[in-house]
Structures are given as C-alpha cells and as structure tokens.
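Engineer: Quick check, what structure comes out for this input:
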Amino acid sequence: MAEVAVQLGAALRLASFAVVPLDSGTSGAGRDVGERIADTWSLDSISRMARMLSELLDSHRISNGEAAVVGRGATWESAVGDIGWREDEVLVLGSSSGGSLSKVFLGPRAAKIARNSPVPVLVLPRQRG
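Structural biologist: Reported below is the predicted structural model:
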C-alpha cells in the first residue's frame, strides 16, 4: 500500500479502529475495563504504526508519512468517523487472504470499515509472498 501512496504522490496515514460497544460491560467486568483495554491497545497500535511509518520513510519507500491514528467509538460508524477524515483522502484496504489471484476478499472487520467510510475506498489485492 505504501507503493500506491508513492505512485500517487500522496501522504500515507496509517489508521486502525477500536470499537467499544456501550454494552461492553455485560461480561460483569464493567465498561471501564473495556475502555482501559481499548486505551492500552490504542497506544500500542499507534506506537507500532508510527514505527512502520518511520521505517518506510527511512528506507525511502515513501516520501511523505503523516501520522498513525486510532479511531474509537461505540459503533463501527463512530470509530471510522473518529479519525477526522479530510475530503481529499481515500481509504485503502488490503484484501484478506481468502481471495484468489483474480479476486479480492474483505474479511468481516474490513467490510465494516469500508461500509462506514466517509471517503472513497480502494481495495487492493493481497500481495503474495
């Protein structure tokens, strides 16, 4: 996907999404536990994505890396909308491994992300190897 950003001269912003339903406390642990887990996961995700961006910049595979962000919300719609999309952005998703060479296949989470995206979505086939 980094190669697509380079070919288009576009900045690369890595995003991940955390959905913490309002009723996530039904396990008996309470909603605050779900929020704390999401907090820890979000910080870890941002750290990993920031390292990936840095490595891509250092290796000159991309020339413009913006940020690593995590969108959070009680629903997929609110989580995807949480990252503050700009109207000039495009969401690029990689296909899941379930697709053949001539097809792309979105897993259930990627399908929810695509369905709730406020910007155009480009799905790229998974690279083999």
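Engineer: Tell me which residues touch the spatially closest residue to Ala79 that is not a sequence neighbour, please.
Structural biologist: If the residues on either side of it in the chain are set aside, Ala79 comes closest to Gly73, at 3.7 Å by CB to CB, 6 or more residues apart in numbering. The way it works is simple: take the backbone N, C-alpha and C, and place the C-beta from them, glycine included. With contacts defined as CB atoms under 8 Å, 6 or more residues apart in numbering, the neighbours of Gly73 are 17-20, 79-82.
Engineer: in the strand or helix carrying Ile37, what's buried?
Structural biologist: Per DSSP states H and E: Ile37 is located in helix 31-58. Neighbour counts over helix 31-58 (16 or more other CB atoms under 10 Å) mark 34, 38, 42, 45-46, 49, 53, 56 as buried.
Engineer: What segments of the chain are strands?
Structural biologist: For the chain, the strands defined by DSSP state E occupy 12-19, 65-73, 91-94, 121-124.
Engineer: Just the pLDDT for the residue nearest to Ala79.
Structural biologist: Each residue has a pLDDT score; the one for Gly73 is 93.
Engineer: ok, and the closest non-adjacent residue to Val4?
Structural biologist: Nearest one to Val4, counting by CB to CB, 6+ apart, is Val92 at 6.2 Å.
Engineer: Quickly list what that neighbour is bridged to.
Structural biologist: For Val92, the beta-bridge assignment (DSSP bridges) gives partners Leu122.
Engineer: Roughly how far does it sit from Ser47?
Structural biologist: Distance of Val92 to Ser47, given as CB to CB, to the nearest Å: 22 Å.
Engineer: Could you do Leu93 as well?
Structural biologist: 22 Å.
Engineer: next one: Val19
Structural biologist: 20 Å.
Engineer: Kindly report the same for Ala10.
Structural biologist: 24 Å.
Engineer: what's the answer for Glu55, then?
Structural biologist: For Glu55, the distance to Ser47 - CB to CB - is 13 Å.
Engineer: next one: Glu89
Structural biologist: On the measure of CB to CB, Glu89 and Ser47 end up 23 Å apart.
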